[in-house]
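[1] here's my sequence, what's the structure:
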Amino acid sequence: MTARAVGEALRRALASGSYVEFAQLYAPDACLDASLRGGRHRVRGPAAIAAALAGWWGEPAELSEWRVRLHPAGLELWAQWTSSAGASR
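    Presented below is the predicted three-dimensional model:
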């Protein structure tokens, strides 16, 4: 799976609010390093990554901005969305 395909799968997961299918894309030793409002987070393992994403972005959202920059070891993402909780980045 390419980083581009993972980015598109993440986009679908954020829009739908469901991360179960997305977690299946991760290798057993995967690490998510996220810098979000409130701090930096490092999460290891597919199940823990899916749970963290669902906790941060748990409900379906309308994406208003989505920029992905591909890197050899993964991807960098900038997103802005609106959900029932309001707008977020």
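[2] separation between the closest residue to Gln24 other than its chain neighbours and Ala79?
    Nearest non-adjacent residue to Gln24, counting by CB to CB, 6 or more residues apart in numbering: Pro46, 7.0 Å away. Using the backbone N, CA and C atoms, a C-beta is placed for each residue, glycine as well. Here the criterion is CB to CB, to the nearest Å. By it, Pro46 lies 21 Å from Ala79.
[3] which secondary element of this structure has the worst mean pLDDT?
    Within the chain, no helix or strand scores below strand 86-88, which has a mean of 57 by mean pLDDT, DSSP states H and E.
[4] where does pLDDT dip in the chain?
    Scanning the chain for pLDDT under 70 picks out 1, 83-89.
[5] now the helices for it?
    Taking DSSP state H as the criterion, the chain contains helices spanning 3-16, 20-23, 46-56.
[6] the ones you listed: which one's closest to Ala30?
    Ala30 lies closest to helix 46-56 among the helices of the chain, at 5.9 Å (CB to CB).
[7] list the buried ones in the closest one?
    For helix 46-56, the neighbour count (16 or more other CB atoms under 10 Å) marks 46, 49-50, 52-54 as buried.
[8] try stretch 56-68
    Buried residues in stretch 56-68, counting neighbours by 16+ other CB under 10 Å, are found at 57, 61, 66, 68.
[9] in this structure, which residue is most central in space?
    Taking CA atoms, centre = their mean, the centroid of the chain lies closest to Leu10, which sits 5.0 Å from it.
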